[in-house]
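# Model the structure of this input:
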Amino acid sequence: MKTVEIFTDGACSGNPGPGGWGAILRYGENVKELSGGSADTTNNRMELTAVISALEALKEPCKVVLTSDSKYIIDAVTLGWAKKWKSNGWKRNAKEKALNPDLWERLLELLDVHDVKFVWVKGHAGHAENERCDAMAVEQSKKYSK
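Alright, predicted model coming up:
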């Protein structure tokens with residue numbers, strides 16, 4: 001299995017509002033940048049979309065070291081929250097619906113394909129790849145600003 005490094009970030013102006021996401025995939029000397037956005041979204045949807053888009057870009061099952069500044073994603077996966085939400089019919093608890101079930105469903109499917117290790121980094125703290133992903137995300141969000 002190939003080992004791929006992935007770095008992701010999402011941004012949103014407003015929340016909800018115009019948003020963007022950026023991702024960097026690195027395999028050896030090969031580097032690919034991906035980005036996109038949406039006119040009416042949230043920061044968490046953009047963070048999830050970055051991770052999903054990066055994993056979907058892989059052409060075969062891979063070992064992945066995925067670096068993100070999103071505690072929302074990393075905690076929901078590594079602490080088992082997302083799987084619990086799914087098993088509870090996309091509810092966080094008896095009263096609260098889990099947000100973004102469509103994206104969580106897709107991410108959980110991709111996590112069954114790839115062997116992903118999540119690494120958290122502090123955002124806006126000088127981590128080169130995180131800063132680049134943030135810049136791409138902000139650039140994309142501006143395309144949708146009014």
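
# how about the helices in this structure?
43-56, 71-78, 81-87, 101-113, 128-143 (DSSP state H).

# Save these as CSV, and put in mean neighbour count, mean pLDDT and distance to Asn15 too.
No exception for glycine: its C-beta is placed from N, CA and C like everyone else's. Converted to CSV, the helices of the chain look like this (neighbours: other C-beta atoms under 10 Å; pLDDT from 0 to 100; distance: least, C-beta to C-beta, whole Å):
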stretch, mean neighbour count, mean pLDDT, distance to Asn15
helix 43-56, 23, 98, 5
helix 71-78, 18, 98, 12
helix 81-87, 16, 97, 21
helix 101-113, 15, 98, 16
helix 128-143, 19, 97, 11
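
# Can I get those helices in a markdown table including distance to Gly19?
Output for these, formatted as a markdown table (distance: least, C-beta to C-beta, whole Å):
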| stretch | distance to Gly19 |
| --- | --- |
| helix 43-56 | 4 |
| helix 71-78 | 14 |
| helix 81-87 | 21 |
| helix 101-113 | 13 |
| helix 128-143 | 5 |
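
# Nearest to Ala11, out of those?
Of all the helices of the chain, helix 128-143 sits nearest to Ala11, with 3.8 Å by C-beta to C-beta.

# And the contacts of the closest one?
With C-beta atoms under 8 Å, 6 or more residues apart in numbering as the test, helix 128-143 has contacts from 7-13, 17-24, 33, 35-37, 46, 50, 67-69, 121, 123-124.

# Next, check those against the strands and list the overlap.
With strands defined by DSSP state E, the entries of the contacts of helix 128-143 inside them are 7-12, 17-24, 33, 35-37, 67-68.

# Just the buried residues from those residues, in PyMOL please.
The following PyMOL line selects those of these that are buried, judged by 16 or more other C-beta atoms under 10 Å:
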select buried, resi 7+8+9+10+11+12+17+18+19+20+21+22+23+24+35+36+37+67+68
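
# Any idea what the residue lying closest to Thr78 once chain neighbours are set aside is bridged to?
Closest residue in space to Thr78, ignoring its immediate chain neighbours: Phe118 at 5.7 Å, by C-beta to C-beta, 6 or more residues apart in numbering. On the basis of DSSP bridges, Phe118 is bridged to Leu66.

# Thank you kindly, that will do.
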